[in-house]
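>>> A predicted structure for the sequence below; I have some questions about it.
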Amino acid sequence: MQWTDEGIVLGVRRHSESAVVLELMTVQHGRHLGLVRGGRSRRMQPVLQPGNRVAAEWRARLDEHLGTYTVEPLRHHAARLYGSAVGLYGLQALAAHLRLLPERDSHPRLFDMTALLVEHFEEPERALELFLRFELMLLDEMGFGLDLRQCAATGTTDELIYVSPKSGRAVNREAGEPWADKLLPLPAFLRESKQRADRASMQDAARLLIHFFERDVHGPRGKPPGPERQSFLEAAFRALNVHATL
Amino acid sequence: MSGRRIAGPEIEKLIQLLARVPGLGPRSARRAALQMIKKKDQLMGPLAEALALVHERVVVCSICGNADTSDPCAICADPRRQTGTIIVVEEVADLWALERAAAMSNVLYHVLGGVLSPLDGIGPDDLSIASLIDRVQAGGVSEVILAVNATVEGQTTAHYITDRLSGFDLTVTRLAHGVPVGGELDYLDDGTLAAALKSRTKF
């Protein structure tokens, strides 16, 4: 078995004295692991930092084997982010989220979004907006997507300002008014890709998305979400001088 | 593959244990064992005594986390080092490397015992960050130098500690990243070059 692909480094784990097990988010092969011989060498360590983009060749005798990677660097993003708390916490949060996906499951949309996020982690406002869009996409790719196209009660597409915490479907202002305290606010930027997010709507989006992550993803696995997302959101809002209640 | 034993079980066990030492594989462990057998009185005896003595006396310093034969360790107990500067390192090996370099005299250290690593399940509570905060809280610290590795995990840990220390009246600094001494630009990776340019200094 052999293939070549582009990938973004999510993490490495030491394996023996000189090798590492590399975890990549690849374009065609999803989250994929493989052994890198000499991965702890002085030459390879800077390449195998989370966030870096690499060209990878994977080889194994059988498809179900761990296999070995040969890796060449394409873009060194990690070193650029060393001075940015938002960037570093963001990389950790991104990797933690992508680890929710099964291995070797192709998600080209998520790869593109991941690549875009890594490019923008130095800009807190842009990074925050992209991260929340990424979370929405991740829910969708995992089969727990929110239906934000039309009102669950009336079918209308106007003034969709709530989301039902039970069904994950959008609700129109008029239809949702009697249950407003039970419904979750729907930020407009999550519905429209061209709409830019403001700081208040990003807080709403963060609360909306974690509700569904906890209920549909972390809950059934019996594992609470790790601290990575919270650390990233706190750092990003702090960088924007927003005292966020998440 | 051969199951033939080439030496008695005692020697085999010695080779097996030596092979677990970082930097030694089975082949070099065999060579080391053979050398010790050859120099039984000059090398093996004193080595066994030294190992037994260190095994008996080695402790982890309750202040900084260094490994020494006394608690507090020789560094923490040195009265000349009470200058208010603490260098935070990941492992004892890093502390020893900085001491060898002798670039800063009379400083104290704090060994974290690793870095934050979600992949390996290492969180803030698994590192000695709380004891660092306690040391700072106790007073007399004017600067904390974060000498962690230039890896994403190391730098994330550095930012986390900086956040935790933000309420104290002290300076938090970190090591510079960039061109190593004797390094040629042409051979450096893009990331190191970018970091070096970013943290350029006035000439």
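Cool, the structure landed. Residues are numbered from 1 along each chain as shown, chains lettered A, B, ... in the order given.

>>> SS state for the residue of chain B found nearest chain A?
The nearest approach of chain B to chain A comes at residue B:191, 3.1 Å away (Cβ to the nearest Cβ). For glycine as for every other residue, the C-beta is placed from the backbone atoms N, C-alpha and C. On the three-state scheme (DSSP: H, G, I helix; E, B strand; the rest coil), residue B:191 is labelled helix.

>>> roughly how far apart are it and residue B:157?
18 Å (Cβ to Cβ, to the nearest Å).

>>> cool, residue B:5 as well?
47 Å.

>>> same thing with residue A:41?
Noted for residue A:41: a distance of 23 Å to residue B:157, by Cβ to Cβ.

>>> of those two, which one has the most company?
Set residue A:41 next to residue B:157 and count neighbours by other Cβ atoms under 10 Å in any protein chain shown: residue B:157 wins out with 26 against 14.

>>> quick check: next helix or strand after whichever helix in chain A runs longest?
In chain A, assigned by DSSP state H, the helix with the most residues is helix A:124-141. As assigned by DSSP states H and E, the chain's next helix or strand after helix A:124-141 is strand A:160-163.

>>> A strand includes residue A:9, no?
Yes. Under three-state DSSP, residue A:9 sits within a strand.

>>> pairing partners for it in the sheet, please.
residue A:24 (DSSP bridges).

>>> so who does it touch?
Contact partners of residue A:9, counting by Cβ atoms under 8 Å, 6 or more residues apart in numbering or on different chains, are A:22, A:23, A:24, A:48, A:49, A:50, A:51, A:52, A:53, A:54, A:78.

>>> and it, how far from residue B:123?
21 Å.

>>> what helices or strands is the least confident helix or strand in chain A by mean pLDDT leaning on?
Least confident helix or strand of chain A, by mean pLDDT, DSSP states H and E, is helix A:78-81 with a mean of 90. Other helices and strands packing on helix A:78-81, by 3 or more Cβ pairs under 8 Å, 6 or more residues apart in numbering or on different chains; DSSP states H and E, are helix A:85-98, helix B:152-164, helix B:190-198.

>>> from chain B, how far off is the residue located most distally from the centre of chain A?
The C-alpha centroid of chain A is most remote from residue A:178, which lies 34.2 Å away (Cα atoms, centre = their mean). Computed as Cβ to the nearest Cβ, to the nearest Å, the residue A:178 to chain B distance reads 42 Å.

>>> now the phi/psi pair for that residue, please.
phi -60, psi -20 (degrees, to the nearest 10).

>>> next one: it from residue B:61, what distance?
Counting by Cβ to Cβ - residue A:178 and residue B:61 are separated by 64 Å.

>>> chain B: helices as residue ranges?
B:9-18, B:26-38, B:45-57, B:74-77, B:92-101, B:129-137, B:152-164, B:190-198.

>>> state the mean pLDDT of the first one.
For helix B:9-18, the mean pLDDT works out to 94.

>>> next: the fourth one.
For helix B:74-77, the per-residue pLDDT values average out at 95.

>>> packing partners for the longest helix of chain A?
Short answer (3+ Cβ pairs under 8 Å, 6+ apart): helix A:124-141 packs on helix A:85-98, helix A:108-120, helix A:188-191, helix A:199-212, helix A:228-239.

>>> right, so those helices: which one is the most enclosed?
By mean neighbour count, with neighbours taken as mean count of other Cβ atoms under 10 Å in any protein chain shown, helix A:85-98 ranks first of the helices and strands packed on helix A:124-141 at a mean of 26.

>>> on contacts alone, who are the packing partners of that one?
strand A:2-15, helix A:78-81, helix A:108-120, helix A:124-141, helix A:228-239, helix B:152-164.

>>> quick one: buried residues of the longest one?
Neighbour counts over helix A:124-141 (16 or more other Cβ atoms under 10 Å in any protein chain shown) mark A:124-139, A:141 as buried.

>>> so residue A:189 touches residue A:128, yeah?
No. With contact defined as Cβ atoms under 8 Å, residue A:189 does not reach residue A:128; the gap is 10.9 Å.
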